[in-house]
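**Student:** Provided below are the primary sequence and the corresponding predicted coordinates.
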Amino acid sequence: MDQLEAVLARIDADADAALGRLFAVLRIKSISTDPAYAEECHRNAEWHAEDLRSIGFEASARATPGHPIVVAHDRSAPGRSALFYGHYDVQPVDPLELWDRDPFEPTIQTLPDGTKIITGRGSADDKCQLMAFVEACRAWKAVTGRLPIPVTVLLEGEEESGGASLPAFLAEHAAELRADIGLICDTSMWDARTPAIVTMLRGLCGEEVTIHAADRDLHSGFYGSAAANPNRVLARILADLHDETGRVTLPGFYDGVPEPPAELVAQWATLGFDEKAFLGAVGLSVPAGERGRSVLEQTWSRPTCEINGMGGGYQGEGFKTVIPAVASAKVSFRLVFDQDPHKVRDAFRAHVLARLPADCRAEFKEHGSGRAIAFPVDNPAFGKARDALTAEWGRPAVFIGGGGSIPVTQMLKTSLGMDVVLAGFGLDDDRIHSPNEKYNLTSFQKGIRSWARILHALAD
């Protein structure tokens, strides 16, 4: 039996103990956004540091202005090094009444189709994911006494609450953390049987705009038509953000947006993606984005402008005939390729100001920004990771895009200069951030085996 086969056998034999360790982590209420759980976040960080030390890492929970960041090194092996990133913090559980059971008392459940799932807050996002990597390291250390390659583990405690401490931490410790390749687990499979590596993620620009008019709410009978109505002004401004084909109208918005590589689009076409089923699952039927673009193009390789929230005037029970003094909206832009979030922000604000009538003024509030990122799949690490995943799952692993944003990916590229392999084993129905979050038991067990194979492949 060669080393890899021995490690895989060890993983299978240790499955129950691995679940026990995972459940211990899932029971920790590491809700990062709520100060009431700060001690729980600290306890979770210390748990991981001690666990990593127990398998031979030099590990510590480092203090930050927020929650601790865990850093662990195992440099006993030669070769090209890897930095693995995960996060131990979780979302709040509200509304608690929608959970079927205690969100911090994990269980194994069997669904009607026989699928076994792990339940609990943080199961999919990101505790099962990060523990799968740690368990793969544990097996390698138990069987061979060392990892196939030098590995640094970086576990954040503020990913779900804005990650304010991470940029400065990466800058301060860049020399210590820099590696040849980054590994991130916080992503999903293509489907329940097909593993995937995310090679491109969209950036983000968030804006809040408030339109002010009169110095108070007005009686709509006394002032109707004569007084500027912020609701009507804002509605018109927002409607002008798109044309009849679904394209965003901001000048220069599409600067830096080329067509995706033809070979990548060709691979997407082989995925068997069912647009009708995708929209039908949420009660919709017709793609609403840019006309002439597939849904995968719209969600992976094209930029967006979405109105995430609107408010103004009376919204309680019953009816109140007022002209509001203010109206506001929150707008997000998902960015691709080389779009500049600062230019997009400036263009949005100019769009608003150009449409303000007399007696109205606009107030703006920034809600973060980040560039999109795409990695060259001709980097040998991507091919090795894809082959390792294919060997474990028995189906060709695919390169896919990601519609969301993972800011740390851009940070690792810009601050530490490394490409990042994003390989996770979540599924679309894992209910992350929602009540009754879950993670498939198969995703956890085969995720451990997958990371063991990836580490072996990166050493070749």
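**Tutor:** Happy to help now that I have it. Bear in mind the structure is a predicted one, so any value in this text is a computation, not a measurement.
**Student:** Provide a list of residues in contact with Asp94.
**Tutor:** By CB atoms under 8 Å, 6 or more residues apart in numbering, Asp94 lies in contact with nothing. For every residue, glycine as well, the C-beta is placed using N, CA and C.
**Student:** buried set for the element among helices and strands of the chain having the smallest mean pLDDT?
**Tutor:** Among the helices and strands of the chain, helix 262-269 carries the lowest confidence by mean pLDDT, DSSP states H and E, at a mean of 84. Counting neighbours by 16 or more other CB atoms under 10 Å, one finds that the buried residues in helix 262-269 are Leu264, Trp268.
**Student:** Which element is encountered next along the chain beyond that helix?
**Tutor:** Under the assignment DSSP states H and E, the closest C-terminal helix or strand after helix 262-269 is helix 275-280.
**Student:** helices and strands around the least confident helix or strand of the chain, which ones?
**Tutor:** If you count contacts as 3 or more CB pairs under 8 Å, 6 or more residues apart in numbering; DSSP states H and E, helix 262-269 packs onto helix 295-300, strand 398-402.
**Student:** and the shortest one, what does it pack onto?
**Tutor:** Looking back up the chat, that one is strand 398-402. Short answer (3+ CB pairs under 8 Å, 6+ apart): strand 398-402 packs on strand 196-201, helix 262-269, helix 295-300.
**Student:** need the ones you listed in CSV with distance to Glu158, can you?
**Tutor:** CSV is the format used below for those (distance: least, CB to CB, whole Å):
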stretch, distance to Glu158
strand 196-201, 19
helix 262-269, 33
helix 295-300, 27
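**Student:** Those: which one's closest to Lys438?
**Tutor:** strand 196-201 (19.2 Å; CB to CB).
**Student:** what residues does the closest one touch?
**Tutor:** 187-190, 260, 264, 300-301, 336, 372-375, 377, 382, 385-386, 389, 397-402, 404-406, 409-410, 421-423.
**Student:** tell me the contacts of Thr64?
**Tutor:** Glu158, Ser165, Phe169.
**Student:** Neighbours of the first one, how many?
**Tutor:** What that stands for is Glu158. 23 (other CB atoms under 10 Å).
**Student:** Going by the annotation, which residue ranges form each domain of this protein?
**Tutor:** 3-201+373-459, 203-258+296-370 (automatic domain parsing).
**Student:** Could you identify which of the ones you listed is most buried?
**Tutor:** Comparing these by mean neighbour count (mean count of other CB atoms under 10 Å), domain 3-201+373-459 comes out on top with a mean of 20.
**Student:** any idea how far it is from the chain center?
**Tutor:** 12 Å (CA atoms, centre = their mean, to the nearest Å).
**Student:** What of stretch 247-254?
**Tutor:** The chain centroid and the centroid of stretch 247-254 are separated by 25 Å under CA atoms, centre = their mean.
**Student:** need the contact list for the spatially most central residue of the chain.
**Tutor:** Nearest to the mean C-alpha position of the chain, by CA atoms, centre = their mean, lies Ile406 at 4.5 Å. Ile406 makes contacts with Ile184, Asp186, Thr187, Leu201, Leu422, as judged by CB under 8 Å, 6+ apart.
**Student:** right, and the second one touches Gly86 too?
**Tutor:** Yes - counting by CB atoms under 8 Å, Asp186 sits close enough to Gly86 to count as a contact (6.8 Å).
**Student:** Give me the common contacts of those two.
**Tutor:** Going by CB under 8 Å, 6+ apart, residues that sit against Asp186 and also against Gly86 are Asp126, Gln129.
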